[in-house]
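K.L.:
dropping a prediction and its sequence here:
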2 protein chains.
Amino acid sequence: MSVLVVGSIALDTVKTPVEEHADQLGGSASYAAVGASFFSPVNLVGVVGDDFPEPEFEFWRKRGIDAAGVERVKGKTFRWSGEYAWDLNTRETRSVALNVFEDFKPALPENFRETEFVLLANIAPSLQSHVLNQMRRPRFVVADTMDLWIETARKDLDALLPRVDLLILNDSEARQMTGDTSLIRAGRAIRRKGPRYVAVKKGEHGALLFGPDDFFSCGAYPLEDIHDPTGAGDTFAGGLAGYLASSPADEIDFGRLRKAVIYGSVLASFNVEAFSLDRLRRLTSEEIAERYEMFRVMSQFEVLP
Amino acid sequence: MSVLVVGSIALDTVKTPVEEHADQLGGSASYAAVGASFFSPVNLVGVVGDDFPEPEFEFWRKRGIDAAGVERVKGKTFRWSGEYAWDLNTRETRSVALNVFEDFKPALPENFRETEFVLLANIAPSLQSHVLNQMRRPRFVVADTMDLWIETARKDLDALLPRVDLLILNDSEARQMTGDTSLIRAGRAIRRKGPRYVAVKKGEHGALLFGPDDFFSCGAYPLEDIHDPTGAGDTFAGGLAGYLASSPADEIDFGRLRKAVIYGSVLASFNVEAFSLDRLRRLTSEEIAERYEMFRVMSQFEVLP
């Protein structure tokens, strides 16, 4: 089954204490679509300007990403620039230029509206709802969000939540949304706002998954060399949604969600190994399978004979 | 097999945003000894003043803790007082009075020197070495430490490390000791200083275990209500060492260390549910077994049929 991915497509300039790269492919939908593409075909929805590099369309095509929903409009592509602190755990936004993204109002190609799996990557919740309004009857809807929307678009976000099967947010956002310092209580409280499942990302510490009757605590794959954390959360969401869509015959139960969280973590762990999407561009399915297995072994409580 | 536990024995006054309790049993050896006692007999070494409450000796006796190594000297017991911030993640020391602990120079009872397992709970590394010097031929030595010793007693600590089988420290201490922000690189670098195994505690995020060829990432047991984080690390170390000593016939391999880390985490998760050692005082082996199983299930990647 395919996954419809909607979100931002940007050209990012990222500075770490070690390196700086300018105008590289970025944005929530870029990372999410490529992350999902390792498991399922992707229908991509977004907007780019007339300065957007043509070869990226070819890259998407090769990865099974249908860019029929990517509008190309007159003007400049969304630009974001950020700088990471020495430990790569915190970052400062240096500049944002929305450009063509400012008037983004996604209109789905007719054949995209039947897509069974939907990933609303991080954009304004009103746009996320606007996309859902155009979908026929999606089987499973995943939504990502961020602190900005919790702060400035809370009403829109609250209206979206009951329409979402799985909400993804990070630990500080979960605390911000609920005013509760306990992530366990926060995760449960967010479920009561509508989503059947909630995934709380904890950066270098992994992720928590909350379901109606179950709970899963997933560590993070240990990395020695992190080059660029940008897009880790988007890649996580993409890998997760792509995996969910990959075996449509299977029931989407907690066991499947659990594995989706692990595959999302694995994809994110690769993504941070290089700038922009550079690691994902050369990633193979064999590498994913190998890392999944290493991750499983290093996380198990009892080594089975 | 027995575990020899040496460390501080204190009367703590702890304030959280919700409660305050004065002059309750505390200190690294108190938590560690009781944590270990759920798995193995304990030989306890420490010092208390003549104001130390007599009933605590009876409590130790009932828990299989031999207090023949606890000196009772004229003067006041070590006092510590601390206050936790609103999220219980950071704390400030309000006062420290070393009292009789100031001149603590542990002299082991003759029959303690043969103990096969040793837990050097958090005290000055010179005292930890002084205890090791009195041991005949311990089979496995676990040492805990803290930022204070990394900062002020680095030479003593470096001299101790090659004599230790497993060093326990927390994430910020691992970074402090190595100057490396990556916990993975830090854990490996600390192993090169001597200990065969290194356990890095990450508070609410679990623990990492490094061995010669293996790595284990352990989540934390999710808790909704934390009342007093004091002693969590000491209880972790105690549960870990007690479990290691509990089946002396077994080889102490990575699989066994892995389970020891999990049992340490389980014990610590109980300890924070109440002030001082109050939760450990009423804890049962059945509760430990039940939580271990819940923890295992919520951490597994693939649910086995």
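P.N.:
Perfect, I can see it now.
K.L.:
isn't A:Arg175 right up against A:Ala186?
P.N.:
Yes - counting by CB atoms under 8 Å, A:Ala186 is a contact partner of A:Arg175 at 5.7 Å. For the C-beta atoms, the positions are set from N, CA and C on the backbone; glycine is no exception.
K.L.:
which of these two has more neighbours?
P.N.:
Per other CB atoms under 10 Å in any protein chain shown, whichever of A:Arg175 and A:Ala186 has more neighbours is A:Ala186, with 24 against 18.
K.L.:
alpha carbons only: can I get the top helix by length along chain A in PDB?
P.N.:
Scanning chain A for the longest helix, with DSSP state H as the assignment, gives helix A:254-271. Extracted C-alpha coordinates of helix A:254-271, given in PDB (Å, rounded to 0.1, in the frame of the first residue of the first chain):
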ATOM      1  CA  PHE A 254       0.100  -3.000  18.900                       C
ATOM      2  CA  GLY A 255       2.800  -5.500  17.900                       C
ATOM      3  CA  ARG A 256       2.900  -4.000  14.400                       C
ATOM      4  CA  LEU A 257       3.000  -0.400  15.800                       C
ATOM      5  CA  ARG A 258       5.900  -1.500  18.100                       C
ATOM      6  CA  LYS A 259       7.900  -2.700  15.100                       C
ATOM      7  CA  ALA A 260       7.000   0.400  13.200                       C
ATOM      8  CA  VAL A 261       8.500   2.500  16.000                       C
ATOM      9  CA  ILE A 262      11.700   0.400  15.900                       C
ATOM     10  CA  TYR A 263      12.000   0.800  12.100                       C
ATOM     11  CA  GLY A 264      11.400   4.500  12.500                       C
ATOM     12  CA  SER A 265      14.200   4.600  15.000                       C
ATOM     13  CA  VAL A 266      16.500   2.600  12.700                       C
ATOM     14  CA  LEU A 267      15.900   5.000   9.800                       C
ATOM     15  CA  ALA A 268      16.400   8.000  12.000                       C
ATOM     16  CA  SER A 269      19.700   6.600  13.300                       C
ATOM     17  CA  PHE A 270      21.000   6.400   9.800                       C
ATOM     18  CA  ASN A 271      19.800   9.800   8.900                       C
END
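K.L.:
average pLDDT across it?
P.N.:
When pLDDT is averaged over helix A:254-271, the result is 96.
K.L.:
packing partners for it?
P.N.:
helix A:28-36, strand A:197-201, strand A:207-210, strand A:215-218, helix A:232-246, helix A:278-281, helix A:285-299 (3 or more CB pairs under 8 Å, 6 or more residues apart in numbering or on different chains; DSSP states H and E).
K.L.:
so what's A:Val6 closest to, chain neighbours aside?
P.N.:
In space, A:Val6 comes closest to A:Val45 once its chain neighbours are excluded; the distance is 4.0 Å by CB to CB, 6 or more residues apart in numbering or on different chains.
K.L.:
could you work out the end-to-end span of stretch A:7-24 for me?
P.N.:
17 Å (CA to CA, to the nearest Å).
K.L.:
and that stretch, how far from the chain's centre?
P.N.:
The chain centre lies 17 Å from the centre of stretch A:7-24; the measure is CA atoms, centre = their mean, to the nearest Å.
K.L.:
which residues are contacting it?
P.N.:
A:25-30, A:32, A:46-48, A:51-52, A:70, A:77-86, A:88, A:94, A:101, A:119-123, A:144, A:227-228, A:230, A:234, A:275-278 (CB atoms under 8 Å, 6 or more residues apart in numbering or on different chains).
K.L.:
among those, which are in helices?
P.N.:
A:28-30, A:32, A:234, A:278.
K.L.:
which one (most neighbours) among those?
P.N.:
Going by other CB under 10 Å, A:Ala32 tops the ones in helices among the contacts of stretch A:7-24 with 35 neighbours.
K.L.:
wait, isn't that residue in contact with A:Val5?
P.N.:
Yes - A:Ala32 lies in contact with A:Val5 (CB under 8 Å); the separation is 5.0 Å.
K.L.:
next one: A:Arg113, what pLDDT does it get?
P.N.:
For A:Arg113, pLDDT reads 98.
K.L.:
what separation do you get for it and chain B?
P.N.:
35 Å (CB to the nearest CB, to the nearest Å).
K.L.:
count of neighbours near the closest residue to that residue other than its chain neighbours?
P.N.:
Among residues not flanking A:Arg113 along the chain, A:Arg136 sits closest, at 5.1 Å (CB to CB, 6+ apart). A:Arg136 sits with 9 neighbouring residues when counted by other CB under 10 Å.
K.L.:
you'd agree A:Arg136 is in a helix?
P.N.:
No - counting by DSSP: H, G, I helix; E, B strand; the rest coil, A:Arg136 falls outside a helix, being coil.
K.L.:
how close does it get to A:Val303?
P.N.:
Distance, A:Arg136 to A:Val303, by CB to CB, to the nearest Å: 47 Å.
K.L.:
helix, strand or coil for A:Glu302?
P.N.:
Relying on three-state DSSP, one would call A:Glu302 coil.
K.L.:
hey, what's in contact with both of A:Arg175 and A:Ala186?
P.N.:
With CB under 8 Å, 6+ apart as the test, A:Arg175 and A:Ala186 reach no residue in common.
K.L.:
what's in contact with stretch A:168-175?
P.N.:
Residues contacting stretch A:168-175 (CB under 8 Å, 6+ apart): A:142-147, A:150, A:177, A:181, A:183, A:186-187, A:190, A:198-203, A:233, A:236-237, A:240.
K.L.:
contacting residues for A:Asp158?
P.N.:
By CB under 8 Å, 6+ apart, the neighbours of A:Asp158 are A:Lys193.
K.L.:
at 6 Å what do you get?
P.N.:
With CB atoms under 6 Å, 6 or more residues apart in numbering or on different chains as the criterion, no residue contacts A:Asp158.
K.L.:
which phi and psi does it have?
P.N.:
A:Asp158 adopts backbone torsions of phi -60, psi -30, taken as degrees, to the nearest 10.
K.L.:
ok, now how distant is it from A:Pro138?
P.N.:
The gap separating A:Asp158 from A:Pro138 is 20 Å, by CB to CB.
K.L.:
what does the stretch 51-200 of chain A have sitting close to chain B?
P.N.:
A:87, A:181-182, A:184-185 (CB under 6 Å from any CB of the partner chain).
K.L.:
filter those to the buried ones?
P.N.:
Neighbour counting with 16 or more other CB atoms under 10 Å in any protein chain shown marks A:182, A:184-185 as buried within those.
K.L.:
ok, these vs B:Lys105, which is closest?
P.N.:
Nearest to B:Lys105, judged by CB to CB, of those is A:Ser182 at 42.8 Å.
K.L.:
circling back to that earlier point, in the longest helix of chain A, what's buried?
P.N.:
Buried residues in helix A:254-271 (16+ other CB under 10 Å): A:254-255, A:257-271.
K.L.:
quick revisit: overlap in contacts of A:Ala32 and A:Val5?
P.N.:
In contact with both A:Ala32 and A:Val5: A:Leu119, using CB under 6 Å, 6+ apart.
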